[in-house]
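Student: return atomic coordinates for the entry below.
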Amino acid sequence: MAERILAVTGGASGIGRAVAELAAASGARVALLDVSSSTSDVARQLRDAGSPKTLALNCDVSDPNAVESAFSAIAADLGPVDGLFTSAGIDRGGMAHEITPEQWRLVMAINLDGTFFAVQCALRQMMESRGGSIVCCSSPASFVAFAAGGASAYSASKGAVSALVRTLAVDYASYAIRVNALVPGSTETPLMWSNVEPNLQPAVREVLSGEIPLGRLARAEEPARAAMWLLSAESSYVTGSHLVCDGGTLAKGSVSV
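Tutor: Here you go, the predicted model:
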């Protein structure tokens, strides 16, 4: 990743931050797009970790104008991107008959629209420079229902991201642009616990650990390393694929006896 220019949405926390840290340590120039007030602090830490240059951009990915402005700033300051990891995402749990239109639209606006707007801007820059790698964060919810239920909006948004990845991989292969998806399982990130009360988190973690074949939640750097492989030249013949990093969750049937 040395001398690469990588943009990361949702780069101030979770898997996005872990990808940014790994890229910085390998010598990439990294742009963080996030609404968090800690984005600038994270960018400074990336420089300390080895990135020759970092850029912190306050950006609401659901706003196409904000995303376009952010990518223009990246091109002006770092150069055109040749790597993108879309990690910005939210979850608003609830059964389908209970979710409000506002909740549904918010999940779609950030998880799906935000992914598309970032990818669209990256594609335009990569087409001019003839090549690049895009990795979108999907979910096991794209393929199976969560046993706990109540994830219709999140599952629909991630299923759409997976469909988008397959289409873009075919559409832009002639430009030497690869588009793949990372499928992380339960991971120790703020998003993982966004709908769980703090006092319930230890019990939920224990239940999850018992259901995951590897017996634990992932550390953020573990799916991040998988994303880094997809972003790197080591995966030069991989496009339109989903790299599952879920501790064996999708491989496991739901019937225990």
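Student: dihedrals phi and psi, the residue nearest the centre of the chain?
Tutor: For the chain, Ser87 is the residue whose C-alpha lies nearest the centre (C-alpha atoms, centre = their mean; 2.3 Å). The phi/psi pair for Ser87 (degrees, to the nearest 10) reads phi -120, psi -10.
Student: same check on the one 10 residues further on?
Tutor: Summarising the backbone geometry of His97 under the convention degrees, to the nearest 10, its torsions are phi -80, psi -10.
Student: output the lowest mean pLDDT helix or strand found in this structure.
Tutor: helix 201-211 (a mean of 82; mean pLDDT, DSSP states H and E).
Student: hang on, the earlier thing: my guess is the residue nearest to the centre of the chain contacts Ala7. True?
Tutor: No. When contacts are counted by C-beta atoms under 8 Å, Ser87 is not listed as touching Ala7 (10.6 Å). All C-beta atoms are positioned from the backbone trio N, CA, C, and that covers glycine.
Student: for Leu33, see how far away Arg105 is.
Tutor: Distance from Arg105 to Leu33, counting by C-beta to C-beta, to the nearest Å: 21 Å.
Student: try Ala169
Tutor: 22 Å.
Student: so the two - more neighbours on which side?
Tutor: The neighbour comparison of Ala169 against Leu33 (other C-beta atoms under 10 Å) goes to Leu33, with 31 against 19.
Student: quick one: secondary structure of the more buried one?
Tutor: Per DSSP: H, G, I helix; E, B strand; the rest coil, the secondary structure class of Leu33 is strand.
Student: the closest residue to it other than its chain neighbours and Gly50, how far apart?
Tutor: Spatially, and ignoring its direct neighbours in sequence, Leu33 is nearest to Cys59 (4.1 Å; C-beta to C-beta, 6 or more residues apart in numbering). According to C-beta to C-beta, Cys59 and Gly50 sit 24 Å apart.
Student: out of the two, which sits in the more crowded spot?
Tutor: The neighbour comparison of Cys59 against Gly50 (other C-beta under 10 Å) goes to Cys59, with 28 against 14.
Student: let me see the ranges of the helices in the chain.
Tutor: For the chain, helices defined by DSSP state H occupy the ranges 14-25, 39-49, 64-77, 101-107, 114-129, 152-171, 201-211, 221-231.
Student: give me whichever of those is most buried.
Tutor: Across the helices of the chain, averaging neighbours per residue (mean count of other C-beta atoms under 10 Å) puts helix 14-25 on top, at a mean of 25.
Student: quick one: contacts for the residue nearest to the centre of the chain?
Tutor: Val8, Thr9, Gly10, Gly11, Gly14, Ile15, Gly16, Val19, Cys137 (C-beta atoms under 8 Å, 6 or more residues apart in numbering).
Student: closest to Ala2 among the residues you listed?
Tutor: Comparing those against Ala2 with C-beta to C-beta places Val19 closest, at 15.6 Å.
Student: thought the closest one was touching Ala227?
Tutor: Yes. Counting by C-beta under 8 Å, Val19 does reach Ala227; the two are 5.1 Å apart.
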